[in-house]
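Enquirer: Sequence and predicted structure are below.
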Amino acid sequence: GVCLNAVDSQSQVTALQWAAHDKELVSAHGYSHNQVILWKYPHMVKVAELTGHTSRILQMAQSPDGTTVVTGAGDETLRFWRILSGSEASKKQRVMASESIFNDVPR
């Protein structure tokens, strides 16, 4: 194979996850920043950089609707990040939920 591109993330890459519905890639990192980065593919432009873990991210998984990734780190925490747009179906569900008549009911 041929290397198509190389990007210096400036910290250890510990996990990668393709967005299910958009041309985006999520990377999780360890030393030295312990962050999650959302990249626009194929130009590899940083869309978002999220911090919160205090040690190396060890695992990452994407939600079934494609909108959220969860990361697990050596700091013994799971963090849930809603950073992806998801499918058209999940977008419609979110719009319908926000327009629901039940939104005005006190909880």
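Expert: On my side now, so go ahead.
Enquirer: hey, where'd the strands end up in the protein?
Expert: 13-18, 24-29, 36-40, 45-50, 57-62, 68-73, 78-82 (DSSP state E).
Enquirer: could these go into a markdown table alongside distance to residue 5, mean neighbour count and mean pLDDT?
Expert: C-beta coordinates here come from the backbone N, C-alpha and C atoms, glycine included. What follows is these, written out as a markdown table (distance: least, C-beta to C-beta, whole Å; neighbours: other C-beta atoms under 10 Å; pLDDT from 0 to 100):
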| stretch | distance to residue 5 | mean neighbour count | mean pLDDT |
| --- | --- | --- | --- |
| strand 13-18 | 14 | 15 | 96 |
| strand 24-29 | 11 | 22 | 97 |
| strand 36-40 | 11 | 20 | 96 |
| strand 45-50 | 12 | 13 | 95 |
| strand 57-62 | 21 | 17 | 97 |
| strand 68-73 | 22 | 19 | 97 |
| strand 78-82 | 24 | 13 | 97 |
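Enquirer: Indicate which one of those is closest to residue 4.
Expert: Distance to residue 4, taken as C-beta to C-beta, is lowest for strand 24-29 among the strands of the chain, at 12.8 Å.
Enquirer: surely residue 36 meets residue 84?
Expert: No. Residue 36 is beyond contact range of residue 84, at 11.2 Å (criterion: C-beta atoms under 8 Å).
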